[in-house]
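Participant: structure, please.
(chains A and B)
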Amino acid sequence: DTGVSQNPRHKITKRGQNVTFRCDPISEHNRLYWYRQTLGQGPEFLTYFQNEAQLEKSRLLSDRFSAERPKGSFSTLEIQRTEQGDSAMYLCASSPTGDTIYFGEGSWLTVV
Amino acid sequence: ELKVEQNPLFLSMQEEKNYTIYCNYSTTSDRLYWYRQDPGKSLESLFVLLSNGAVKQEGRLMASLDTKARLSTLHITAAVHDLSATYFCAVVLYRSARQLTFGSGTQLTVLP
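Facilitator: The predicted structure is shown next:
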């Protein structure tokens, strides 16, 4: 399968702990996006990379959140000092041109 | 700020009936997406509409875009149970390929 791959698929963590999610985009897709989705809502944009450059960040992305895409391939999203409000599904997506955007299966985070 | 509104939010329909989901957005955009999401799953791309008057069809689903009215429709013809899912529309700000703004979704249930 050559789709967008995300790991881990599920993570339960205690409040205050740090968590990191990884995203492997579809090969040769230079655009990579992170979104967050809570139950009953549409996904909300977090950040966007073109190759290794982080070109856009949402105001939702507080200073506890950091994303990287070294070498323009895989990406990581780290959440420091997790809070219960961070519980959500974190979706990664990639695109070659921006016309069609392909989403991964998502990483579910539960903060207890 | 770009706002995207879908209606209805919940839709129960009988098999073999037709119905339309509406997606209104608040500012100029040249790109509109429709996605399907099954419970606990990621988003599956259905359609990308790139110009005024664009119409795309796949099976029992047909999507159209009127950029002047800032309106897209997703028409369902002769619904079947397999179409039960949540449908999202998403819009990109004009001349920006960086972030999608999603509607709240329409939860469709097709009843036998």
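Participant: other SSEs contacting the lowest-mean-pLDDT helix or strand in chain A?
Facilitator: Sorting the helices and strands of chain A by mean pLDDT, DSSP states H and E puts strand A:53-57 at the bottom, at a mean of 91. Strand A:53-57 is packed against strand A:44-50, with contacts defined by 3 or more Cβ pairs under 8 Å, 6 or more residues apart in numbering or on different chains; DSSP states H and E. To be clear about C-beta, it is placed using only N, CA and C from the backbone, and glycine gets the same treatment.
Participant: paired strands for the strand it packs on, with orientation please.
Facilitator: strand A:31-37 (antiparallel), strand A:53-57 (antiparallel) (DSSP bridges).
Participant: check contacts around residue B:106.
Facilitator: Listed by Cβ atoms under 8 Å, 6 or more residues apart in numbering or on different chains, the contact partners of residue B:106 are B:6-11, B:21, B:86-88.
Participant: are any of these buried, and which?
Facilitator: Listed as buried from the contacts of residue B:106 are B:6, B:11, B:21, B:86-88; burial here means 16 or more other Cβ atoms under 10 Å in any protein chain shown.
Participant: so which of these belong to strands?
Facilitator: Judged by DSSP state E, strands contain the following of the buried ones among the contacts of residue B:106: B:6, B:11, B:21, B:86-88.
Participant: I'd say residue A:6 and residue A:92 touch.
Facilitator: Yes. Judged on Cβ atoms under 8 Å, residue A:6 makes contact with residue A:92 at a distance of 5.3 Å.
Participant: ok, these two, which is more surrounded?
Facilitator: Neighbour count, other Cβ atoms under 10 Å in any protein chain shown: between residue A:6 and residue A:92, residue A:92 has more, with 29 against 25.
Participant: any stretches of the chain with poor pLDDT?
Facilitator: All of this is about chain A. For chain A, residues meeting the criterion pLDDT under 70 lie at A:1.
Participant: wait, chain B was what I had in mind.
Facilitator: Looking at chain B by pLDDT under 70, you get B:94-97.
Participant: who in it is up against chain A?
Facilitator: Residues of chain B lying close to chain A by Cβ under 8 Å from any Cβ of the partner chain are B:4, B:31, B:33, B:35, B:41-45, B:48, B:50, B:88, B:90, B:92, B:97-105.
Participant: any of those residues buried? List them.
Facilitator: B:4, B:31, B:33, B:35, B:42-43, B:48, B:88, B:90, B:92, B:97-105.
Participant: residue contacts, the residue most central in space within chain A?
Facilitator: By Cα atoms, centre = their mean, chain A has its centre lying nearest to residue A:34, at 3.7 Å. Under the criterion of Cβ under 8 Å, 6+ apart, the neighbours of residue A:34 are A:23, A:45-48, A:67, A:75, A:77, A:90-93.
Participant: how close does it sit to residue B:100?
Facilitator: To residue B:100, residue A:34 is 12 Å away according to Cβ to Cβ, to the nearest Å.
Participant: common neighbours of those two, please.
Facilitator: Contacts common to residue A:34 and residue B:100, judged by Cβ under 8 Å, 6+ apart, are residue A:45.
Participant: check which helix or strand covers the residue lying closest to residue B:81 once chain neighbours are set aside.
Facilitator: Setting aside the residues directly before and after it, residue B:81 is nearest to residue B:110 in space (Cβ to Cβ, 6 or more residues apart in numbering or on different chains), at 5.0 Å. Residue B:110 belongs to strand B:106-111 when assigned by DSSP states H and E.
Participant: in that strand, what counts as buried?
Facilitator: Neighbour counts over strand B:106-111 (16+ other Cβ under 10 Å) mark B:106-108, B:110 as buried.
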